[in-house]
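A.B. asks: Provided below for reference: sequence and predicted model.
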Amino acid sequence: MLSAGGYPVTLYGPLHLPAIAPADPLWFALLRKAHTFLAYLLCLTVLAHLGVFHGLIRRDGVFGAMARGR
């Protein structure tokens with residue numbers, strides 16, 4: 001996404017990765033939407049795992065431990 005936006009991808013300090021996509025506003029917009037969608041999908045996957053697997057199937061007290069801070 002950064003390469004398509006024309007931004008440098010910094011790995012560490014002065015070390016930059018080569019561009020993997022040409023600078024193109026259309027690609028940048030498309031990749032930004034895909035990035036947002038995938039971020040929400042990852043968040044929903046984690047919440048579904050916690051709710052279904054730990055809350056309904058295993059019933060292992062994960063929510064209680066999270067509430068107590070342990």
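C.D. replies: That came in fine, so what should we check first? Residues are numbered from 1 along each chain as shown.
A.B. asks: which other residues reach the one helix or strand Thr45 maps to?
C.D. replies: If you go by DSSP states H and E, Thr45 is part of helix 25-48. If you take C-beta atoms under 8 Å, 6 or more residues apart in numbering as the criterion, helix 25-48 is touched by Met1, Ala4, Gly5, Gly6, Ala21. In short, each C-beta sits where N, CA and C put it, glycine included.
A.B. asks: In that helix, which residues are buried?
C.D. replies: The neighbour-count check on helix 25-48 (16 or more other C-beta atoms under 10 Å) flags Phe28, Leu31 as buried.
A.B. asks: chain center to that helix: distance?
C.D. replies: A distance of 7 Å separates the C-alpha centroid of helix 25-48 from that of its chain, computed with C-alpha atoms, centre = their mean, to the nearest Å.
A.B. asks: Packing partners of the lowest-mean-pLDDT helix or strand in the chain?
C.D. replies: Of all the helices and strands that make up the chain, helix 62-68 has the lowest average by mean pLDDT, DSSP states H and E, namely a mean of 86. Identification of packing neighbours for helix 62-68 by 3 or more C-beta pairs under 8 Å, 6 or more residues apart in numbering; DSSP states H and E yields no helix or strand.
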